[in-house]
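Student: sequence and predicted model, in that order:
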Amino acid sequence: MNVSKHEAQEALEAVQRVSDQLRHAVASGGTPYYLIMWGAILLLGYIGSHFTTGLLTGWIWLGLAGTGSVLSFVIGMYFRMKMRTGSFTRILYLWLGIMVWASLIWWIAAPSTGEQASLLTVVIFMFGYVITGLWMEPTATWVGLITTALAVIGYTLFLPFFYLWLAFLGGGTMILSGVYILRRWK
Amino acid sequence: MADLNEIIHQPVRLRIMAALVTVEDETQLDFTYLRNLLDVTDGNLGAHLRKLEEAGYVELSKTFVARKPRTYASATTRGRRAFEDHVAALEAIMRGEESDGRKND
């Protein structure tokens, strides 16, 4: 079999192209879709928290969290159909673990105001994004770090507008990051 | 020095192997996903996958997802090794070394 330098170079470039395409697809997985969806949920939920009180706020969050959980499962199944890999199972267990730990931390810390409860929830779940990003897509780690910092700054300096702060800066950061990942790999 | 592998060197098969060895060992790629990634037809991809399967480089598994049949492909250990050897041979050609007893370029 005789192959010229030019043919060898073309073959290696073809290998590199496919490899890069696939690496991006694996790295991103459903991450941008999860970011956009949960960002939208934060946005709507915290706008709801700012303008409503009591039971209605609870129902809004229950509806949004339920919808988000179902859609997360659908997105996960869609990507699992394309690629059967152990990474999806590991990420699923990570998030189940975070939910269990979040419940325990909530129970131990017993936040006394809605703002404290929101800060605690955002910080715990953003920790999940930091870990997911280390495994899958580095942008998720940045989203986790930036959103956590914004949440702490908002709670410390802008408490009266904390829910709107979380809605637009927290949710907005997640939505824009998801869009950024999608556009970068188009 | 590693020799070029005639089965893998065919352009579509080379790209199939490149895709399958890029993912983790236990990862299987869906036939439709692979077809779209490589921009080839069903028949073309099917024929090349069969050829790679016959050589023991690829493992195909058929399953049902939501009552629809789906085919998944993954690279075998032998396939991964053969691909690595082939790429090493291509790189050697790029460096101006001989491959398969012939001087190239």
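Tutor: Perfect, thanks for sending it. Note that the coordinates shown come from a computational prediction; the quantities given were computed from them, not determined experimentally.
Student: so what's residue 15 scoring on pLDDT?
Tutor: As the question left the chain open, I've gone with chain A. As predicted, residue A:15 sits at a pLDDT of 95.
Student: hmm, I had chain B in mind actually
Tutor: So, for residue B:15, pLDDT stands at 96.
Student: is it in contact with residue A:13, as I believe?
Tutor: No: in terms of CB atoms under 8 Å, residue B:15 does not count as a neighbour of residue A:13; the distance is 10.9 Å. For every residue, glycine as well, the C-beta is placed using N, CA and C.
Student: these two: which is more packed in?
Tutor: Using other CB atoms under 10 Å in any protein chain shown, the more surrounded residue of residue B:15 and residue A:13 is residue B:15, with 23 against 10.
Student: ok, then the element right after the longest helix along chain A?
Tutor: Counting by DSSP state H, the longest helix found in chain A is helix A:54-82. Next along the chain after helix A:54-82, taking DSSP states H and E as the criterion, comes strand A:83-84.
Student: quick one: strands adjacent to that following strand?
Tutor: Taking DSSP bridges as the criterion, strand A:83-84 sits next to strand B:28-30 (antiparallel) in its sheet.
Student: what's the strand it pairs with in contact with?
Tutor: A:81-85, B:19-20, B:23, B:37, B:61, B:70-74 (CB atoms under 8 Å, 6 or more residues apart in numbering or on different chains).
Student: these: which two are farthest apart?
Tutor: B:37 and B:61 (18.3 Å; CB to CB).
Student: and those two? Which one has more around it.
Tutor: More crowded of residue B:37 and residue B:61, by other CB under 10 Å: residue B:37, with 19 against 11.
Student: tell me the pLDDT of that one.
Tutor: Value for residue B:37, per-residue pLDDT: 89.
Student: okay, and it sits in which element?
Tutor: Going by DSSP H and E, residue B:37 is in helix B:31-38.
Student: do residue A:50 as well
Tutor: Using DSSP H and E, residue A:50 falls within helix A:31-51.
Student: mind checking the SS state of residue A:3?
Tutor: coil (DSSP: H, G, I helix; E, B strand; the rest coil).
Student: let me know the pLDDT of the residue nearest the centre of chain A.
Tutor: With the centre of chain A defined as its mean C-alpha position, the nearest residue by CA atoms, centre = their mean is residue A:35, 4.0 Å away. Looking at residue A:35, its pLDDT stands at 87.
Student: how about the nearest residue to it, chain neighbours excluded?
Tutor: Distances taken as CB to CB, 6 or more residues apart in numbering or on different chains put residue A:178 closest to residue A:35, at 3.4 Å, once the chain neighbours are dropped.
Student: test my guess that residue B:82 contacts residue B:4.
Tutor: No: using CB under 8 Å, residue B:82 makes no contact with residue B:4, being 10.7 Å away.
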